[in-house]
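K.L.:
quick one: sequence plus predicted model below, questions after.
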Amino acid sequence: MAAAASKPAIDRLRQQVSELMMIPGLSGYEGRVRRRIAGELSALGFASRTDRLGNLIATLQGNNSAPSVMLFAHMDQLGFIVRKIEASGLIRVERLGGVPERALPSQAVLLCIEEGKDVAGVIANKSHHATAPEEKYRVLPYPELYIDAGFGSAADVLSAGIDVGTPVVYAPKTIAMAAERIAGTSVDDRAGCAVMIEAARRLKTISSRPTVHLVFSVEDEFNLKDAVTAAQALLPAIAIQLDIILATDTPDMTARGDVRLGGGPAMSLYSFHGRGTLNGTIPHPALVQLITATAREENLTLQRSAHVGALTDSSYVQLVHEGVAAIDLGFPTRYTHSSLEVCDLGDLEELTRLTVAAIARIDERFSLNRDDYLQ
Ligand SMILES: [Zn+2]
């Protein structure tokens, strides 16, 4: 049984996640999200800096005899890039990231030009009355899709500031649901960013802890590697990534595991992506032991996840320098990469508690020596 979540923390997380999800931030175009998060950190009294790729880094100095920790979450979201503007004013796009083509027709989108000048559009869906029976159950590949933003000519599109290369995201949206659940356009991973900010607020009050580098990373949905440059600069001993964990409690997911939405934070024991990347994360045993013991002592239910098909930046971050002990922690999420992903605020609050309490337990005696562990 999980300990009761704190109501003010849930309220702060609700507001933070909702506001972050309303800010567009396609991979490579995270500036607006970054400015917002830098402002939040500054309000908490933390200075931050941005590296050349766009990663936002804030270091909270601590006990330097304990192994240092890089705690990170990605700011970017998946979406599209304008590929071609038709003479008719309709717009064709390339996918950026793991965009599910099955869930695209009829979606609202936002063409991102600059704050105040963004243009709304829809991904067209062929009129139902003209859809032949054999077309009804066919998924259209993205080159067949087009965006209608209301323009009547290519010249009109260009004069609105839209050109080849313009970033496009799902139209930002948040929906408050029953039972402290929330749906939104980029739960992945603005919810992780919100947890990081809440964790920063609590880490500030903990005097006995290692140095913690907070990294809000870029381009996870594009290449999974931009957090590597932050790790190369910071050389942490430990890396903890906060991101989505697949919820498997819907009828279409039951064979994949027992991760329940609202069932508490989750730890990934295995991730792998065999399509091209050939990478994944098998967590360091010291961290599995630390997270398991922390959850038990904090009276938090810890869920376990093992999946092929998804991975995070931690796969690459762990390969930096002499090796970084890495683990993926997260919150159960439904309908991943669709325009409305769903998470549970109680899970986010408990993930915050778990993360902060685990970090506070890392002292100079904490061993990352493989020979100190049975496996
Ligand atoms: Zn993610």
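P.N.:
Now that the structure is in, tell me what you want to look at.

K.L.:
which residue sits closest to Gly79, ignoring its sequence neighbours?
P.N.:
Spatial nearest neighbour of Gly79, chain neighbours left out: Val169 (4.0 Å); criterion: C-beta to C-beta, 6 or more residues apart in numbering. Any C-beta I mention is one placed from the backbone N, CA and C, and that applies to glycine too.

K.L.:
who touches the one you found in this structure?
P.N.:
Residues in contact with Val169 (C-beta atoms under 8 Å, 6 or more residues apart in numbering) are Pro24, Gly25, Leu26, Gln77, Gly79, Phe80, Val109, Leu110, Cys112, Thr185, Ser186.

K.L.:
which ones are touching the first one?
P.N.:
Pro24 sits next to Arg32, Gln77, Leu110, Cys112, Asp118, Pro167, Val169, Pro172 when contact means C-beta under 8 Å, 6+ apart.

K.L.:
tell me the secondary structure at it.
P.N.:
coil (DSSP: H, G, I helix; E, B strand; the rest coil).

K.L.:
quick thing: my sequence starts at 9, can you match it?
P.N.:
That works, and once the first residue is 9, the last one we named lands at Pro32.

K.L.:
phi, psi for it please.
P.N.:
Here is the backbone geometry of Pro32 (degrees, to the nearest 10): phi -70, psi 140.

K.L.:
report pLDDT for it.
P.N.:
Note on Pro32: pLDDT of 98.

K.L.:
what separation do you get for it and the ion?
P.N.:
Using C-beta to the ion, to the nearest Å, Pro32 is found at 16 Å from the ion.

K.L.:
and the fourth one, by the same measure?
P.N.:
As for Gln85, its distance to the ion is 9 Å (criterion: C-beta to the ion).

K.L.:
what's around the closest residue to that residue other than its chain neighbours, how many residues?
P.N.:
Using C-beta to C-beta, 6+ apart and skipping residues adjacent in sequence, the residue nearest Gln85 is Ser194, 3.9 Å away. The number of residues packed near Ser194 is 31, by other C-beta atoms under 10 Å.

K.L.:
same deal with Arg103?
P.N.:
18.

K.L.:
so for the residue lying closest to it once chain neighbours are set aside, what's the pLDDT?
P.N.:
In space, and not counting its chain neighbours, Arg103 is closest to Tyr150: 5.4 Å by C-beta to C-beta, 6+ apart. Tyr150 is assigned a predicted lDDT (pLDDT) of 90.

K.L.:
hmm, Gly105 and Tyr150 touching each other?
P.N.:
No: look at Tyr150 against Gly105 with C-beta atoms under 8 Å: they stay out of range, at 11.9 Å.

K.L.:
can you list the residue ranges for helices in the stretch 209-358 of the chain?
P.N.:
With DSSP state H, counting those that start in this stretch as the criterion, the stretch 209-358 of the chain has helices at 228-231, 235-242, 293-305, 322-325, 353-368.

K.L.:
quick one, the third one and helix 353-368 angle?
P.N.:
Orientation of helix 293-305 against helix 353-368 (axes from the mean of the first three to the mean of the last three C-alpha atoms, to 10 degrees) gives an angle of 120 degrees.

K.L.:
quick one: list the elements packing against helix 293-305.
P.N.:
Contact here means 3 or more C-beta pairs under 8 Å, 6 or more residues apart in numbering; DSSP states H and E; on that basis helix 293-305 packs against strand 274-281, strand 333-341, helix 353-368.

K.L.:
who's in contact with the first one?
P.N.:
Right, strand 274-281. Taking C-beta under 8 Å, 6+ apart as the rule, strand 274-281 contacts 253, 267, 287-291, 296, 299-300, 310-320, 323, 335-340.

K.L.:
tell me the contacts of the residue lying closest to Gly97 once chain neighbours are set aside?
P.N.:
Once flanking residues are discounted, Gly97 sits nearest to Phe159: 3.4 Å by C-beta to C-beta, 6+ apart. Contact analysis of Phe159 by C-beta under 8 Å, 6+ apart lists Gly97, Leu98, Ile99, Val165, Ala168.

K.L.:
near the ion, which residues of this structure?
P.N.:
For the chain, the contact set with the ion under C-beta under 5 Å from the ion comprises Asp196, Asp197, Asp251.

K.L.:
hmm, try it at 8 Å
P.N.:
His82, Asp196, Asp197, Gly200, Asp228, Glu229, Asp251, Ile252, Thr320 (C-beta under 8 Å from the ion).

K.L.:
now neighbour count and pLDDT too, for the residues you listed, in CSV please.
P.N.:
Formatted as CSV, the residues of the chain next to the ion follow (neighbours: other C-beta atoms under 10 Å; pLDDT from 0 to 100):
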residue, neighbour count, pLDDT
His82, 31, 98
Asp196, 26, 96
Asp197, 30, 97
Gly200, 31, 98
Asp228, 27, 91
Glu229, 22, 90
Asp251, 25, 97
Ile252, 23, 96
Thr320, 29, 89
